[in-house]
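Visitor: my questions concern the predicted model and sequence given below.
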Amino acid sequence: VTKTAQLVEDVHAIENHIACDSASNSEIVVPLLRSKEDGQQHEGREVFGVMDLDSPVVQGFDQRDKEGLERICSFLCSVVDFPPLCSIPYREKKTKKACGG
């Protein structure tokens, strides 16, 4: 995990790329980051999700899109109090073992 946005101009140029949509030709993925809250000192922040956008156009996204989406994700993470992944009741039921339960 790089913790940075990834701009993929042509998804078919990447051998191991897994497309969400068969019509996808380019993609941009921006991480959702938050501070670690486990009581221990850590540098940086943790990835708890991603904004993943696909385009049917090769080179469908550019640097301006990347910068704008990074700002949107940063703002979203600053105003929404996302609960820890394992505290979501539905997820606890579905992934009890993965969440240490």
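Guide: All right, it came through fine. Residues are numbered from 1 along each chain as shown.

Visitor: all helices of the protein, in order?
Guide: 63-79, 89-94 (DSSP state H).

Visitor: those: lowest mean pLDDT?
Guide: The weakest mean pLDDT among these belongs to helix 89-94, with a mean of 50.

Visitor: among the helices and strands of this structure, which has the poorest mean pLDDT?
Guide: Ranked by mean pLDDT, DSSP states H and E, the weakest helix or strand in the chain is helix 89-94, scoring a mean of 50.

Visitor: most tightly packed of the helices of the chain?
Guide: The highest mean neighbour count among these, using mean count of other C-beta atoms under 10 Å, belongs to helix 63-79: a mean of 13. Every C-beta, even on glycine, is put in place using the N, C-alpha and C of the backbone.

Visitor: list the helices and strands that one packs on?
Guide: Counting contacts by 3 or more C-beta pairs under 8 Å, 6 or more residues apart in numbering; DSSP states H and E, helix 63-79 is packed against strand 6-8, strand 26-35, strand 45-55.

Visitor: mean neighbour count for these - can I get that in CSV?
Guide: CSV is the format used below for the helices and strands packed on helix 63-79 (neighbours: other C-beta atoms under 10 Å):
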stretch, mean neighbour count
strand 6-8, 17
strand 26-35, 18
strand 45-55, 15
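
Visitor: brilliant, that's me finished.
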